[in-house]
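> give the three-dimensional model of this entry:
(2 chains)
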Number of protein chains: 2
Amino acid sequence: MIRLENSSADNPDAANAAIGVDIGGTNHTAALVNAAGEAIEILRGHTDRSGGPRALLESLSRLLPELMTEARERDVTVTGLGAGFGGPVDFAAGRVLLSHHVSGWDDFPLRDELTAMSGLPVTLDNDANAGGLGEARFGAGQGASDVVYYNIGTGIGGAIILGGQLRRGPGSIAGELGHVTIFPDGPLCTCGQRGCLEAVASGSAIARRISELALEWEGRPALAEDFFPLVAAGHPAAMALRDEIARSLAIAIRNILHTLNPEVVIIGGGVSRGGALLLDPVREAVHNLAFPAAYRTCRIVLARLGYEAGVIGAAALAMS
Amino acid sequence: MIRLENSSADNPDAANAAIGVDIGGTNHTAALVNAAGEAIEILRGHTDRSGGPRALLESLSRLLPELMTEARERDVTVTGLGAGFGGPVDFAAGRVLLSHHVSGWDDFPLRDELTAMSGLPVTLDNDANAGGLGEARFGAGQGASDVVYYNIGTGIGGAIILGGQLRRGPGSIAGELGHVTIFPDGPLCTCGQRGCLEAVASGSAIARRISELALEWEGRPALAEDFFPLVAAGHPAAMALRDEIARSLAIAIRNILHTLNPEVVIIGGGVSRGGALLLDPVREAVHNLAFPAAYRTCRIVLARLGYEAGVIGAAALAMS
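All right, here's what the predicted structure looks like:
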C-alpha cells in the first residue's frame, strides 16, 4: 500500500466528503474526496489478479478504515461511497458483469459487499462513467451541464452527462462510445464488429498500426508510447496515422454533436496525453465536418484531472 | 382550406387542449388537440410558396380563430400553441433560421408573430422534433421516457426525447439524425459532407440509387415510390438496395443504442411506409451489430400517428 498525501487539495472548510474507489486490473485506489472534488487523502493498492473479488475486498477492508479515521480527524462527514470498476457493470443491480482483466468477477454483487463493509450508501458504475462524471463536475467540464467524455486508453470508454447526471439507460450501455461504428468495413474490433472507434483510435489500435507500418524510433521498432514523440519529430508516416486517428475521432464527435449538441466534449485517457498534437487536428476536423451551430456551441477540450480522475469521479458518483 | 373532421378522436371529457400548427413547404395544418393527443378538429391550407411568411400568417389568421371557436363550443380551454416548422429553427430565440422550400423566412421571428396573433404561449420547433415528441408521447413511444425518432422522408430528420423532454442543445442541433456519418467515404450529402445517413437512406437517396441501377417497374423506369413494391415482388437489385438501406439505418441505430441506450427507437416518415419490408431487416441488422444489453432493452418500431404526427406533435410542444 502506498500513501499519497495530496498537499494542494487540503480544504478544511468542506464539511462533507465522499469516499471514491477506483478498481483497475493493475491498481486500485481509494480516496477521501471533499465536496469541491479535491482528494484529501489517496491510498493505493496493487490488484491481486489471481485473488479476484475476495483479494480486492480484503485490501479495501484495510484502506477504507484508514480513510474513515482521516475523515474523523478532520471533522469531515462521509456521506457515501462511490466505486468505479474497470469493466461492465449492471448499474441498477449494483453488480459487476465481468472483468476482462481479473477472474472471479462474473455477476459479482460488489455494491452490496461494499455497503456491508463500509456501512455507507454505495453507488457502483464502470470506471469510464465515473471518470466522465468527475471531469464533468470537477475537471474540464466544470460549470457545464451537458458533457460527453471519451476515455482513450488501451480501449475506448465514454460517458454521457446530461443535466449534470450520468445517462445510463436500462441496459447500462449508454456512453459505450468506443463501440460506435466509424468505418463499417474497417478493422475488426475486440467486440466482434468492424470499424468501431476503439478499433481505429485506441492505444491498442495505435500499437497495431505502428507495427503494421513497421515504424522505427531511435533505431528500434517503435511502440505505442513512441507515437506522439514520432509525430512531434515530424515523422511522415506517424503524422499520417495521427491524422487518420484525428479524423476517426472527429467523425465520432460530429455524430455526437448532431445527436446531442453538448456544451463540452472532453478527451481523456492515456492517448489524450498527446495534448495539442491530438486535440488541434481533432478540433479542425470537427470544425470542417459539423454544423456551425453545433461546433460553435461546444468546447472540445482535454481532460484535466489526470491520474486522479478515476477516484475523484468515483467519489462524485456518491455525491449525485 | 379543407376542413377535416376527425370523428374517432372525439373526446368531450378532455378539459384542456392545445393548438398544433405544422408548417410544410406544400401544406400547413392547424389542429385543436386534446390532452390525450387526439386531434379534435384539423384544418388544412396550401402553403403559398411565393408569399413567404406573410402569406402563411394570413392563412393562419383565418384558421386559428375557427379552432378557438370550436374550443369554446366544446367548452375546452386552450392552454397554448405549438408550431413545427419544416426547416431549421433557433429554439431559444423562437426564430426560423431559413426555409429550404420557401423564400422570405431567413431569421423570421415566427414565435413572436404567432404569440401576437393568438394571444397564447407559443413554442416553436422544427417539424422533426415536433413529430418525434408527438410519437413519443401519444404514438409508438407512449409510456416510454427515452425515445429516439427518425423521420425518413425526402431528407432525414430526427428527435431525441429523454425523460419525456426534447433534447435540443444550445445550438438547437440535437436530433439532426440525418447528418450522422455512416460511410465516411460515401456519397455526397446535401449538407456538403460525405456518407451521412440522409445521403444513403432517405427517399431522395432511394430515388438516386433506383435511377443509377436503372431499375424498371411494370415496363417503365422505376421511381422512388416503386421501391417497396419492387422489393415485395422480389426484384433482386431492389432487395439488395433495401438491404443496403437497412444496414445503414442499423449502423445509425447501433451508434444511438451504444450512446444513449434508449427504450424505444421509432422509424417514421414516408419511407417507413415500407413497413415490415424495412423494419424486419433493420431489426435483424441491429440485433447482429449491437450489444445484447442495449438491443434487449430497446424496442425498434414504426411510427403510429401517420399523417397527423406533425400537427399532434406540434400541439405536444405546447403541452411540455
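> and the stretch 201-320 of chain A, which residues reach chain B?
The interface of the stretch 201-320 of chain A toward chain B, taken as Cβ under 8 Å from any Cβ of the partner chain, is made up of A:247, A:251, A:254-263, A:289, A:291, A:293-294, A:296-298. The C-beta positions use only the backbone N, C-alpha and C, and glycine is treated the same way.
> drop anything exposed from these.
A:247, A:251, A:254-263, A:289, A:291, A:293-294, A:297-298 (16 or more other Cβ atoms under 10 Å in any protein chain shown).
> show me those residues that map onto helices.
Judged by DSSP state H, the subset of those located in helices is A:247, A:251, A:254-260, A:289, A:293-294.
> which one of the residues you listed sits closest to residue B:52?
Checking these against residue B:52 with Cβ to Cβ, the nearest one is residue A:293 at 22.8 Å.
> does the residue nearest to the closest one when sequence neighbours are not counted count as helix, strand or coil?
Distances taken as Cβ to Cβ, 6 or more residues apart in numbering or on different chains place residue B:171 nearest to residue A:293, at 3.5 Å, with adjacent residues excluded. Here residue B:171 is recorded as coil under DSSP: H, G, I helix; E, B strand; the rest coil.
> got the phi and psi for residue B:171?
When quoted as degrees, to the nearest 10, the phi and psi of residue B:171 stand at phi -110, psi 10.
> that one: what's it in contact with?
A:261, A:291, A:293-294, A:296-298 (Cβ atoms under 8 Å, 6 or more residues apart in numbering or on different chains).
> what sits against the closest residue to residue A:183 other than its chain neighbours?
For residue A:183, ignoring the flanking residues on the chain, the nearest one in space by Cβ to Cβ, 6+ apart is residue A:195 at 3.5 Å. Residues near residue A:195 by Cβ under 8 Å, 6+ apart: A:181-187, A:189.
> quick one: the helices in the stretch 151-300 of chain A?
A:197-201, A:203-212, A:227-232, A:236-260, A:276-289, A:292-296 (DSSP state H, counting those that start in this stretch).
> can you list the weak-confidence ranges in chain A?
By pLDDT under 70, the weakly predicted segments of chain A are A:1-14, A:101.
> domains of it?
As recorded under automatic domain parsing, the domains making up chain A are A:2-134+A:308-319, A:142-304.
> distance to residue B:123 added to those, as JSON lines?
What follows is the domains of chain A, written out as JSON lines (distance: least, Cβ to Cβ, whole Å):
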{"stretch": "domain A:2-134+A:308-319", "distance to residue B:123": "31"}
{"stretch": "domain A:142-304", "distance to residue B:123": "18"}
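> any idea which of those domains gets closest to residue B:278?
Across the domains of chain A, closest to residue B:278 is domain A:142-304 (Cβ to Cβ), at 18.7 Å.
> residue A:313 - nearest residue in space that isn't next to it in sequence?
Nearest to residue A:313 is residue A:134, by Cβ to Cβ, 6+ apart, at 2.7 Å.
> give me the neighbour count for that neighbour.
Per other Cβ atoms under 10 Å in any protein chain shown, the neighbour tally for residue A:134 reads 33.
> list the contacts for it?
A:37, A:305, A:309-310, A:312-316.
> now, among those, which is nearest to chain B?
residue A:313 (19.2 Å; Cβ to the nearest Cβ).
> tell me how far that closest one lies from residue A:33.
9 Å (Cβ to Cβ, to the nearest Å).
> which SS class is residue A:19?
Under three-state DSSP, residue A:19 comes out as strand.
> pretty sure it is touching residue A:63, no?
No: between residue A:19 and residue A:63 no contact is recorded; they are 9.2 Å apart, counting by Cβ atoms under 8 Å.
> who touches both of those two?
By Cβ under 8 Å, 6+ apart, the residues touching both residue A:19 and residue A:63 are residue A:30.
> looking at those two, which has the bigger crowd around it?
residue A:19 (29 against 21).
> which one is that one nearest to, not counting chain neighbours?
Using Cβ to Cβ, 6+ apart, the nearest residue to residue A:19 is residue A:81, at 4.4 Å.
> surely the one you found meets residue A:121?
Yes: judged on Cβ under 8 Å, residue A:81 makes contact with residue A:121 at a distance of 7.3 Å.
> these two: which is more packed in?
residue A:81 (28 against 13).
> am I right that the more buried one is in a strand?
Yes: counting by three-state DSSP, residue A:81 is part of a strand.
> how close does it get to residue A:60?
10 Å.
> intersection of neighbour lists for those two?
A:21, A:114.
> burial check on the closest residue to chain B within the stretch 101-250 of chain A, number of neighbours?
Here the stretch 101-250 of chain A gets closest to chain B at one residue, residue A:169, 2.4 Å apart by Cβ to the nearest Cβ. Residue A:169 is flanked by 24 other residues according to other Cβ under 10 Å.
> right, and it touches residue B:294 too?
Yes: counting by Cβ under 8 Å, residue A:169 does reach residue B:294; the two are 7.3 Å apart.
> so what sits against both of these two?
residue B:261.
> pick out the most distant pair among the ones in helices among the buried ones among the residues of the stretch 201-320 of chain A next to chain B.
Across those (Cβ to Cβ), the longest gap, 21.9 Å, separates A:247 and A:293.
> and of the contacts of residue B:171, the nearest to residue B:23?
Nearest to residue B:23 among the contacts of residue B:171, with distances taken as Cβ to Cβ, is residue A:293, at 20.4 Å.
> that closest one against residue B:173, yeah?
Yes: look at residue A:293 against residue B:173 with Cβ under 8 Å: they come within range, at 5.3 Å.
> overlap in contacts, these two.
What both residue A:293 and residue B:173 touch, as defined by Cβ under 8 Å, 6+ apart, is the set residue A:261.
> ramachandran angles for the residue of chain A most remote from its centre?
Residue farthest from the centre of chain A, counting by Cα atoms, centre = their mean, is residue A:219 at 33.7 Å. Backbone torsions of residue A:219, given as degrees, to the nearest 10, read phi 80, psi 10.
> ok, it - contacts?
Residue A:219 neighbours (Cβ under 8 Å, 6+ apart): none.
> for residue A:191, grab the count of nearby residues.
17.
> er, residue A:49 actually
Neighbours of residue A:49 (other Cβ under 10 Å): 15.
> likewise the one 10 residues further on?
Counted with other Cβ under 10 Å, the neighbours of residue A:59 add up to 21.
> my read: it touches residue A:45, true?
Yes: counting by Cβ under 8 Å, residue A:59 touches residue A:45, with 4.5 Å between them.
> in stretch A:23-38, what's buried?
A:23-24, A:28-35, A:37-38.
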